[in-house]
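Peer 1: Okay, sequence plus prediction incoming.
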Amino acid sequence: MLFWVGTRGKIRRVPDGQFEKRKCPECGKTTVFRECKVDRSFVAYSFLKLWDWKSTTFACDACCATMDLDDTLPPELSAREQALADKVAAKERAIADKRRLLAAKEVERDAKAQADRIEAELEAIRRKVAAEPKKK
């Protein structure tokens with residue numbers, strides 16, 4: 001008896017998915033890698049699906065090779081593109097610094113507000129104690 005088994009796969013681009021310019025290790029070109037959804041299935045007799053699994057990966061626009069972005073190489077950027085990337089990185093660092101500063105100020109403001117509440121409660125207790133007549 002013959003029993004045919006095999007795998008099937010479909011790769012579809014994710015609409016409005018992520019994309020990044022990287023260098024492909026397969027074709028050696030610096031291209032855009034786009035997010036794709038991969039559907040794979042294990043079939044028997046070419047029509048009976050036994051099980052399937054889904055994943056996401058990235059596909060090279062030049063050679064259609066699929067891989068994780070971790071497996072790709074950093075892009076070869078021109079001087080203009082490198083300067084732009086450096087500017088973007090500097091702005092991201094400045095934004096992160098501002099966020100850290102704002103978070104520190106918020107923590108400081110919260111601590112001061114809590115200290116003011118505690119001081120107000122202590123003052124109320126002091127007034128209450130001072131207003132009570134002394135018992136002998």
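Peer 2: Yep, that arrived.

Peer 1: Walking through the chain, point out its strands one by one.
Peer 2: With strands called from DSSP state E, the chain shows them at 5-13, 19-23, 30-44, 48-60, 66-67.

Peer 1: Count residues in the vicinity of T56, would you?
Peer 2: A count of nearby residues for T56, using other C-beta atoms under 10 Å, gives 13. Any C-beta I mention is one placed from the backbone N, CA and C, and that applies to glycine too.

Peer 1: swap in F19?
Peer 2: The local packing of F19 (other C-beta under 10 Å) involves 15 other residues.

Peer 1: Which residue, other than its chain neighbours, is closest to it?
Peer 2: R34 (4.7 Å; C-beta to C-beta, 6 or more residues apart in numbering).

Peer 1: And C63, by the same measure?
Peer 2: C27 (4.0 Å).

Peer 1: so that neighbour makes contact with A62?
Peer 2: Yes: counting by C-beta atoms under 8 Å, C27 touches A62, with 5.1 Å between them.

Peer 1: ok so, going back, look up phi and psi at the residue nearest to C63.
Peer 2: phi -100, psi -10 (degrees, to the nearest 10).

Peer 1: so what pLDDT did it get?
Peer 2: Note for C27: predicted pLDDT of 87.

Peer 1: How about the one 4 residues further on?
Peer 2: Note for T31: predicted pLDDT of 87.

Peer 1: what's across from it in the sheet?
Peer 2: For T31, the beta-bridge partners under DSSP bridges are R22.

Peer 1: Roughly how far does it sit from W51?
Peer 2: 34 Å (C-beta to C-beta, to the nearest Å).

Peer 1: Counting neighbours, go ahead and name the busier of those two.
Peer 2: Comparing T31 with W51 by other C-beta under 10 Å, the one with more neighbours is T31, at 17 against 8.

Peer 1: In contact with that one: list those residues for me.
Peer 2: K21, R22, K23, C24, C60, D61, A62 (C-beta atoms under 8 Å, 6 or more residues apart in numbering).

Peer 1: Let's see if you can find the most crowded of those residues.
Peer 2: If you rank those by neighbour count (other C-beta under 10 Å), C24 sits at the top with 24 neighbours.
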